[in-house]
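Asks: Sequence unavailable; structure follows:
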C-alpha cells in the first residue's frame with residue numbers, strides 16, 4: 001500500500017480528529033484525491049468512493065457527470081486527471 005493510501009486510510013478512520021471543523025472529513029478526502037489525480041498519483045478505488053459520493057452536491061448536472069466520468073476513466077486507465085485547458 002502506498003504512503004498516500006495509508007494517509008487517506010488514516011483520515012477516513014473513525015479515530016481521526018479534524019483540526020479544522022468547517023470542513024468535513026469527506027470534503028478533505030475529496031480535495032486530496034482530486035489533487036493527487038491531477039498530479040498523476042495512483043489512488044486506490046476504495047478512496048475514490050468518497051469523491052464519487054460528493055458528486056450529487058456539485059452545482060449542476062454537467063459538473064456531476066464530468067466528475068463521475070473522470071473518476072471512471074481514471075480508475076480504468078490510472079492516468080493523470082485532465083480538467084481541460086485554460087481559456088485565453
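Replies: Here it is on my side, so go on. Worth saying up front: this structure is predicted, and the values here are computed from it rather than measured.
Asks: What residues sit buried inside the helix or strand that contains residue 28?
Replies: For residue 28, the host element (DSSP states H and E) is helix 25-39. Residues of helix 25-39 classed as buried under the neighbour-count rule (16 or more other C-beta atoms under 10 Å) are 26, 28-30, 32-34, 36-37. All C-beta spots, glycine's among them, are computed from the backbone N, C-alpha and C.
Asks: Let me know the closest of the residues you listed to residue 4.
Replies: residue 36 (6.0 Å; C-beta to C-beta).
Asks: and the closest one, what is it in contact with?
Replies: Residue 36 makes contacts with 4, 43, as judged by C-beta atoms under 8 Å, 6 or more residues apart in numbering.
Asks: Report pLDDT for it.
Replies: Note on residue 36: pLDDT of 84.
Asks: same deal with the one 3 residues further on?
Replies: The model reports residue 39 with a pLDDT of 81.
Asks: Distance check, it against residue 33.
Replies: Here the criterion is C-beta to C-beta, to the nearest Å. By it, residue 39 lies 11 Å from residue 33.
Asks: and the gap between residue 2 and residue 32?
Replies: 13 Å.
Asks: Can you give me every residue that contacts the residue most central in space within the chain?
Replies: When C-alpha atoms, centre = their mean is applied to the chain, the residue found nearest the centroid is residue 33 (3.3 Å). The neighbours of residue 33, taking C-beta under 8 Å, 6+ apart as the test, are 8, 43, 47-48, 50-51.
Asks: Using TSV, lay out the residues you listed together with neighbour count and secondary structure.
Replies: Shown next, in TSV, are the contacts of residue 33 (neighbours: other C-beta atoms under 10 Å; DSSP: H, G, I helix; E, B strand; the rest coil):
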residue	neighbour count	secondary structure
8	22	helix
43	22	coil
47	19	helix
48	17	helix
50	20	helix
51	22	helix
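Asks: Run through the helices of the protein in chain order.
Replies: 3-12, 25-39, 45-53, 61-77 (DSSP state H).
Asks: Can you mark which positions in the longest one are buried?
Replies: By neighbour count, and taking 16+ other C-beta under 10 Å as the criterion, the buried residues in helix 61-77 are 67, 70-71, 74.
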